[in-house]
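Visitor: coords please:
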Amino acid sequence: MRPLSIQLENIYSHENSYLNLRHKKVALILGEVDGQPGVSNTAGKSSIISGIEFCLFGAFRWDISKTIRDETNRCKASLVFRGDDGNTYKVVRSCFISKNGNVSSEVSCHLAQRTSSSI
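Guide: From the prediction side, this is the model:
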């Protein structure tokens, strides 16, 4: 599996973040807080990995109420990746916390692009 793009909405420090990895062979995740390159704690580096885990497996490392940004009651993660078969897939998972604290989640996965060699 090769990640091509990641989008995180309301996950930890990510209000709406998009990472395009399509033309990258290797990616280094560096953080920066308030424009200060030497300050990277709480910049959201680990949140990117957590967002991928949530998207693929439906679980977070911490309680969902600590995962979703304080200003909202929902989050969403999207991952586009190329599979070992050469096809491109898109997985989208969202989560919602109701006023009474119930958590609901939705996931969709579909073939985004089929390679000619897999037909």
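
Visitor: the spatially closest residue to I52 that is not a sequence neighbour and S98, how far apart?
Guide: Nearest non-adjacent residue to I52, counting by C-beta to C-beta, 6 or more residues apart in numbering: L79, 5.9 Å away. All C-beta atoms are positioned from the backbone trio N, CA, C, and that covers glycine. Distance, L79 to S98, using C-beta to C-beta, to the nearest Å: 25 Å.

Visitor: next: F81.
Guide: In terms of C-beta to C-beta, F81 sits 31 Å off from S98.

Visitor: comparing the two, which shows the higher neighbour count?
Guide: Neighbour count, other C-beta atoms under 10 Å: between F81 and S98, F81 has more, with 20 against 9.

Visitor: what secondary structure does that one sit in?
Guide: When classified by DSSP: H, G, I helix; E, B strand; the rest coil, F81 comes out as strand.

Visitor: now do K66
Guide: Looking at K66 with three-state DSSP, the answer is helix.

Visitor: and it, how many neighbours?
Guide: 10.

Visitor: which secondary structure element of this protein has the lowest mean pLDDT?
Guide: helix 64-67 (a mean of 75; mean pLDDT, DSSP states H and E).

Visitor: residues in contact with that one: which ones?
Guide: For helix 64-67, contacts defined as C-beta atoms under 8 Å, 6 or more residues apart in numbering pick out 11-12, 50, 54, 60, 75, 95, 97, 103.
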